[in-house]
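Engineer: Got a sequence here, can you model it:
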Amino acid sequence: MEAIIADFRLLLVIAPQPIALTLGRICRHPDRKELIEAALKAGEVLARYTAALAVSSFCARDDAAAKVPSELNDFKGNLSFGHFLAVTKGIARSPATHPLKASLEVAFGEATDGEKAFDKLVGLRNDLGHALSTLSEARAEHVLEHDQPLENLIVTVQACQRLLDFPLFLLEDQRMVKKVVQGRRLLLMGEAEPTPDFVDLDSALGEDNKQLYIALRSGALRLPPFLLWDIVEARQIYGLYLLHSAEEKKLKYLTVHNDKIERAKPAIEFKTLINGGLRPLEAVGLKDGGDLFSEWLATKRVRVAMAQPTIGPIPWGELDEKTLVWYDAKLKGAGKPGDKETRPGSLMVKMLLDGRTILSNDELRQLVLLFGKEKAVFARVKRPLVDCRARRQDSEDRWDERKESSANVIESLKLSVEFFSRHIAVGGATLDGLQGTSGNADYIAMREALVNLFIHQDYTHPGQAGQVEIRDDRTIFYNAGASLVSPEGLLDGGKSTSRNAIISRALRLIGFAELSGSGLYAVHKLWRKERRVPPKIESSTEANTFTLTFEWLLSVEEVDEFWKEKLGVKLTRKQADVISRLAKDGTLSLEEIAVASEQNATDAKAAIEYLILQGMVEESRGKFTLRPDLIELAAGRETAG
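Structural biologist: Residues are numbered from 1 along each chain as shown. Alright, predicted model coming up:
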């Protein structure tokens with residue numbers, strides 16, 4: 001049994017995320033009963049996942065007229081372990097040619113070891129049924145020895161290895177950067193929360209972002225509506241949902257943690273596909289001529305080589321008990337009635353780490369940064385986490401006050417809030433008060449900027465503490481770590497990706513940060529409402545730095561007299577310049593408008609939003625066009641100028 005669990009531990013860093021999560025539960029089992037439950041759960045999730053791949057692959061078949069396997073006709077209603085296994089077997093034995101045909105035949109071909117082992121797991125699940133919850137220790141030991149769920153599970157996993165090698169991923173965003181399609185990718189391989197990376201593609205993938213795919217050498221296979229990427233409200237994070245039941249007008253999904261959602265829109269596509277509809281494999285590769293599958297195989301080899309030293313238990317001795325008690329108290333409202341957690345940090349493990357106590361080195365580092373004793377934090381960062389400074393106009397040669405903190409993120413955030421509150425009047429703001437999501441512009445700015453500084457900071461950067469610099473006319477927030485989202489993306493209310501997933505989720509769970517990433521958008525909107533100078537965002541990939549500047553002054557807008565005279569509308573010079581560029585160049589993206597009119601993305605976005613509100617500019621698919629009847633007028637302005 002120990003040898004099998006050792007094999008599963010290796011898969012925690014290289015298996016598709018839903019599979020890795022269920023195998024992780026096996027590796028951390030507290031008793032025999034839990035081990036049996038975990039093994040059957042892992043088998044069922046493996047069946048659901050491979051069924052999603054199988055149906056998606058069959059829909060990408062070469063022959064549109066190929067007979068649809070009869071098992072797909074019964075693929076509706078409440079879907080059990082057996083339903084998913086039957087569908088996968090039916091597709092594996094279909095003569096139709098499709099991308100995963102060979103891999104499915106190895107795992108689910110008739111009388112193969114994989115098929116037999118899967119059948120035994122389904123049979124055991126049906127035999128035990130609801131009796132799992134009342135299984136005695138003696139009965140559990142008998143089941144483990146006689147029915148061998150672990151031995152059968154390892155056979156199914158090994159049989160499905162070729163299918164599990166195809167990397168599961170999604171693109172959170174795609175944009176043109178110097179004539180190259182750059183995708184911000186989440187590689188969902190391994191049980192840890194993924195850190196986004198960037199890939200240069202030879203073409204855009206799909207019409208929508210946040211769609212789940214597996215990568216093959218010949219392209220990418222789209223997996224929705226059989227798998228879905230959506231918000232998990234209870235856990236304050238985005239997550240992967242597996243199909244659970246298929247009704248006529250809606251589909252129901254579950255995460256591996258049994259979080260539930262229902263969606264009506266995917267039901268239409270689901271019905272089309274299981275009735276024989278086609279959805280071809282999507283062509284995509286890397287700009288350098290490589291492919292996403294081969295790239296993953298190289299990454300996988302590195303992960304396998306480093307697997308043992310990159311995981312370990314929670315270092316309780318390095319964590320600060322006072323901080324853990326405070327954090328657990330914040331989580332109490334989200335816990336179930338009757339929860340009685342005695343050890344400081346118990347509720348944190350349950351809700352932040354989903355019960356996991358063995359983590360990757362990166363996750364362990366983030367955990368110590370969040371809750372660690374000051375000595376442990378400094379050992380990992382070797383610099384202060386934050387450096388707060390205040391200076392008045394008449395004291396240019398010295399700081400009126402300066403505070404540094406090498407304590408954990410929670411304590412450093414507390415110091416920063418108190419410092420900010422002393423120098424910018426925000427009504428005696430406190431760390432506990434950060435859960436408030438409304439307030440005046442100063443409070444909203446402080447809340448979002450400070451939380452942003454700690455969530456997105458690159459803690460591996462040596463000698464570069466996060467900085468808060470307060471002056472009479474402005475406040476500057478500066479930290480190591482270029483934004484993983486474009487400046488305009490930060491201001492459009494979309495999801496803000498973090499390089500520190502554990503820290504980000506920890507602050508979201510207690511209401512200190514928004515799941516949607518809409519914080520800077522809210523600041524920008526409120527700033528405009530109060531007619532202030534818009535906040536400025538500077539992100540440097542080369543220097544790996546991020547700067548956010550808030551000016552406390554009211555903006556002075558110079559009205560363009562031409563448009564005031566012709567249409568009676570008050571436009572600033574910047575807004576008028578946008579009209580001129582659209583009149584001259586035609587349809588442009590926000591990025592192109594900013595470059596052409598020599599504005600930063602923040603100002604260009606504000607100008608476009610105002611012009612749309614005035615009905616002067618129209619938007620379609622992220623592109624902007626001047627209202628046709630204004631083109632000649634705009635030309636007249638240029639001539640007059």
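
Engineer: Please work out the average pLDDT along the longest helix along the chain.
Structural biologist: Identified as the longest helix of the chain according to DSSP state H is helix 32-58. Average pLDDT, helix 32-58: 95.

Engineer: Can you report how many residues lie near Met306?
Structural biologist: 13 (other C-beta atoms under 10 Å). The C-beta positions use only the backbone N, C-alpha and C, and glycine is treated the same way.

Engineer: How about the contacts made by it?
Structural biologist: Met306 makes no contacts at all, as judged by C-beta atoms under 8 Å, 6 or more residues apart in numbering.

Engineer: Now name the helix or strand holding the nearest residue to Val451 once chain neighbours are set aside.
Structural biologist: Excluding its sequence neighbours, the residue lying closest to Val451 (C-beta to C-beta, 6 or more residues apart in numbering) is Ala513, at 4.9 Å. Using DSSP states H and E, Ala513 sits within no helix or strand.

Engineer: Tell me how many other residues surround Glu2.
Structural biologist: So Glu2, with other C-beta under 10 Å, has 6 neighbours.

Engineer: how much space is there between it and Pro99?
Structural biologist: 37 Å (C-beta to C-beta, to the nearest Å).

Engineer: ranges for the strands of the stretch 351-500 of the chain?
Structural biologist: 358-360, 386-390, 401-405, 466-470, 474-480 (DSSP state E, counting those that start in this stretch).

Engineer: Make JSON lines out of the ones you listed and add mean pLDDT, distance to Leu450 and mean neighbour count.
Structural biologist: Formatted as JSON lines, the strands of the stretch 351-500 of the chain follow (pLDDT from 0 to 100; distance: least, C-beta to C-beta, whole Å; neighbours: other C-beta atoms under 10 Å):
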{"stretch": "strand 358-360", "mean pLDDT": "84", "distance to Leu450": "26", "mean neighbour count": "20"}
{"stretch": "strand 386-390", "mean pLDDT": "92", "distance to Leu450": "9", "mean neighbour count": "22"}
{"stretch": "strand 401-405", "mean pLDDT": "92", "distance to Leu450": "12", "mean neighbour count": "16"}
{"stretch": "strand 466-470", "mean pLDDT": "90", "distance to Leu450": "7", "mean neighbour count": "22"}
{"stretch": "strand 474-480", "mean pLDDT": "89", "distance to Leu450": "7", "mean neighbour count": "21"}
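
Engineer: Can you add distance to Asp230 and give the ones you listed back as TSV?
Structural biologist: Formatted as TSV, the strands of the stretch 351-500 of the chain follow (distance: least, C-beta to C-beta, whole Å):
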stretch	distance to Asp230
strand 358-360	24
strand 386-390	34
strand 401-405	37
strand 466-470	32
strand 474-480	30
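
Engineer: looking at the ones you listed, which is closest to Thr195?
Structural biologist: strand 358-360 (10.5 Å; C-beta to C-beta).

Engineer: elements contacting that closest one?
Structural biologist: If contacts are counted by 3 or more C-beta pairs under 8 Å, 6 or more residues apart in numbering; DSSP states H and E, strand 358-360 sits against strand 311-313.

Engineer: strands paired with the strand it packs on, and their directions?
Structural biologist: Strand 311-313 has the following strand partners under DSSP bridges: strand 358-360 (antiparallel).

Engineer: what sits up against the partner strand?
Structural biologist: Residues from elsewhere that reach strand 358-360 (C-beta under 8 Å, 6+ apart): 13, 24, 27-28, 190, 192, 310-314, 353, 367.

Engineer: All the helices of the stretch 351-500 of the chain, in order from the start?
Structural biologist: All helices of the stretch 351-500 of the chain, identified by DSSP state H, counting those that start in this stretch, fall at 361-371, 374-381, 409-423, 441-456, 487-490.

Engineer: hang on, the earlier thing: neighbour-wise, which of the contacts of strand 358-360 leads?
Structural biologist: Counting by other C-beta under 10 Å, top hit in those: Gly24 with 26 neighbours.

Engineer: For Pro315, see how far away that residue is.
Structural biologist: 18 Å.

Engineer: State the distance from Phe420 to Met351.
Structural biologist: Relative to Met351, and taking C-beta to C-beta, Phe420 is found at 28 Å.

Engineer: do Leu243 as well
Structural biologist: Applying C-beta to C-beta to Leu243 and Met351 gives a distance of 26 Å.

Engineer: Neighbour count: these two, which is higher?
Structural biologist: Using other C-beta under 10 Å as the criterion, Leu243 and Met351 rank with Leu243 on top: 25 against 22.

Engineer: on that earlier part again, so which bits of the longest helix of the chain are buried?
Structural biologist: Under the neighbour-count criterion of 16 or more other C-beta atoms under 10 Å, helix 32-58 has 32-33, 35-58 buried.

Engineer: Which neighbours in the sheet does the next helix or strand after it have, and how are they oriented?
Structural biologist: Using DSSP H and E, the next helix or strand after helix 32-58 towards the C-terminus is strand 77-78. Applying DSSP bridges, strand 77-78 is found paired with strand 237-246 (antiparallel).

Engineer: So what touches the strand it pairs with?
Structural biologist: With C-beta under 8 Å, 6+ apart, strand 237-246 has contacts from 17-18, 45, 48-49, 51-52, 75-79, 188, 193, 210, 212, 225-232, 251-256, 259-261, 267, 270, 495, 505, 508, 515.

Engineer: Mind telling me what element Glu105 is part of?
Structural biologist: helix 101-108.

Engineer: ok so, going back, mind checking how far the longest helix of the chain is from the chain centre?
Structural biologist: 23 Å (C-alpha atoms, centre = their mean, to the nearest Å).

Engineer: Over to stretch 21-35?
Structural biologist: Using C-alpha atoms, centre = their mean, the offset of stretch 21-35 from its chain centre is 26 Å.

Engineer: Need the distance between the two termini of it.
Structural biologist: Start-to-end span of stretch 21-35 (C-alpha to C-alpha, to the nearest Å) is 14 Å.

Engineer: neighbouring contacts of that stretch?
Structural biologist: Against stretch 21-35 from outside (C-beta under 8 Å, 6+ apart): 5, 8-9, 11-12, 15, 38-39, 41-42, 45-46, 132, 135, 137, 140-141, 144, 150, 153, 157, 191, 256-257, 354-358.

Engineer: mind checking how far Phe371 is from Leu79?
Structural biologist: 40 Å.

Engineer: So which of the two has more stuff around it?
Structural biologist: Phe371 (29 against 20).

Engineer: Poorly predicted segments of the stretch 401-550 of the chain, please.
Structural biologist: 425-441, 486-497, 514-522, 524-531 (pLDDT under 70).

Engineer: if you set the cut-off to 80 instead, what comes out?
Structural biologist: Judged by pLDDT under 80, the stretch 401-550 of the chain has its weakly predicted residues at 424-447, 462-463, 472-473, 483-498, 513-535, 541-543.
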